[in-house]
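Engineer: turn this into a model:
(chains A and B)
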Amino acid sequence: MTQPRFDELIHAPTRLSIVSLLTATDWAEFKFLRDQVGLTDSALSKQLTTLEEAGYVDIRKSFIGKRPRTSVRLTPHGQQAFAGHVAALQQIVARAGLAVLPESAQT
Amino acid sequence: MDVPPIDAELALAEVRARRAQVIDANLVPGWFWPSVAVLMLLFVAAVETAVPWVVATGSILYAAGLATTIVAMVRRSRAQVRTTLIGAHGAAAIAVFTLVLVAVGVGLGFTLEALGVPAPATIACVPVAAGLAFGGPALMAYLRRVMLSRPLAGTR
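Structural biologist: Now for the predicted structure:
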């Protein structure tokens, strides 16, 4: 069972969105993340660099033909941190007796 | 850090919404199923005519059409949904869907042939094509439900 561990780095709204997208993927293209979260290239780069420095994401640059492609994936360390963060959020909600949304997805 | 419960609930809602976004972006699009169904039906009908130029034309059109639809799908894919989200239920649904269509097509085809019905393969392909066109989107809807019901962070 995942130990609840609130992660302030992940909890920042933009990074929570990015990590939530990544946790549902094996990998995602930079452009996909940019479009889904609605950030500029530079803003997304900044957030990804923060996550990369924490060891939460892995950024790979490759070429498809002549086109450069940047893909991002959550590292095992990032997955663990995210799982702990979600468990912490669920614990906070459960303690307060909140059940605002249907939860079929408890860790 | 002291996080108010409502903020925690909103953060969890954000996690769910983002996962739904990924799943919706990755599901096979609706146009794929009828496209493949029509291509398959035309291919089988062409082969069954046994007229060399019809078989050749049908085969080329089938290969080109299938390649085009697959390339179009691959090109729109900009993220790979985590395979563990599909799970055993999702994999079983895909397997059952495929096996049922194959069994219906092959079974009906041989039965019609044994009964001496003309163009048995083409006729047998009609319910398979209908199964693809209507069952494909239903399968996608089921897989979506399966993936959304997985634990938020415990799928690995």
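Engineer: quick one, what contacts the residue positioned nearest the centre of chain A?
Structural biologist: Central residue of chain A (Cα atoms, centre = their mean): A:V19, 0.6 Å from the mean position. A:V19 makes contact with A:I10, A:L51, A:Y56, A:V57, A:L74, A:G78, A:F82, according to Cβ atoms under 8 Å, 6 or more residues apart in numbering or on different chains. In short, each C-beta sits where N, CA and C put it, glycine included.
Engineer: helix, strand, or coil at it?
Structural biologist: Classification of A:V19 using DSSP: H, G, I helix; E, B strand; the rest coil returns helix.
Engineer: closest to B:V104 among the contacts of A:V19?
Structural biologist: A:L74 (40.9 Å; Cβ to Cβ).
Engineer: quick check: B:S35 touching B:G65?
Structural biologist: Yes: counting by Cβ atoms under 8 Å, B:S35 sits close enough to B:G65 to count as a contact (7.3 Å).
Engineer: close to chain B: what parts of chain A are there?
Structural biologist: Residues of chain A lying close to chain B (Cβ under 8 Å from any Cβ of the partner chain) are A:2, A:6, A:8, A:11, A:13, A:16-17, A:20-21, A:23-29, A:31-32, A:36, A:79, A:82-83, A:85-90, A:92-93, A:95-96, A:98, A:100-101, A:103-107.
Engineer: distance from the chain centre to the lengthiest helix in chain A, please.
Structural biologist: The residue-count maximum for a helix in chain A (DSSP state H) belongs to helix A:76-96. The chain centroid and the centroid of helix A:76-96 are separated by 12 Å under Cα atoms, centre = their mean, to the nearest Å.
Engineer: packing partners for that helix?
Structural biologist: Packed against helix A:76-96 by the contact rule (3 or more Cβ pairs under 8 Å, 6 or more residues apart in numbering or on different chains; DSSP states H and E) you find helix A:8-11, helix A:13-23, helix B:5-26.
Engineer: and with 10 Å instead?
Structural biologist: On a contact count with 3 or more Cβ pairs under 10 Å, 6 or more residues apart in numbering or on different chains; DSSP states H and E, helix A:76-96 meets helix A:8-11, helix A:13-23, helix A:41-53, strand A:57-64, strand A:67-74, helix B:5-26.
Engineer: can you put the contacts of A:V19 in TSV and add pLDDT?
Structural biologist: Below are the contacts of A:V19 laid out as TSV (pLDDT from 0 to 100):
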residue	pLDDT
A:I10	95
A:L51	97
A:Y56	97
A:V57	96
A:L74	96
A:G78	96
A:F82	96
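Engineer: now the strands for chain B?
Structural biologist: B:79-81 (DSSP state E).
Engineer: for it, what are the low-confidence residue spans?
Structural biologist: Within chain B, the stretches with pLDDT under 70 are B:1, B:154-156.
Engineer: likewise chain A?
Structural biologist: Applying pLDDT under 70 to chain A flags the ranges A:1, A:98-107.
Engineer: can you do 50?
Structural biologist: Scanning chain A with the threshold set as pLDDT under 50 gives A:100, A:103-107.
Engineer: B:T69: what's it in contact with?
Structural biologist: Applying Cβ atoms under 10 Å, 6 or more residues apart in numbering or on different chains to B:T69 gives the contacts B:P29, B:W31, B:F32, B:W33, B:S35, B:V36, B:L39.
Engineer: 8 Å instead?
Structural biologist: B:F32, B:S35, B:V36, B:L39.
Engineer: how about the last one: what's its closest non-neighbour residue?
Structural biologist: It refers to B:L39. Beyond its immediate neighbours in the sequence, the residue positioned closest to B:L39 (Cβ to Cβ, 6 or more residues apart in numbering or on different chains) is B:G65, lying 4.6 Å away.
Engineer: could you measure from the one you found over to A:I10?
Structural biologist: For B:G65, the distance to A:I10 equals 45 Å [Cβ to Cβ, to the nearest Å].
Engineer: of the two, who's got more company?
Structural biologist: Just comparing B:G65 and A:I10: by other Cβ atoms under 10 Å in any protein chain shown the higher neighbour count belongs to A:I10, 24 against 17.
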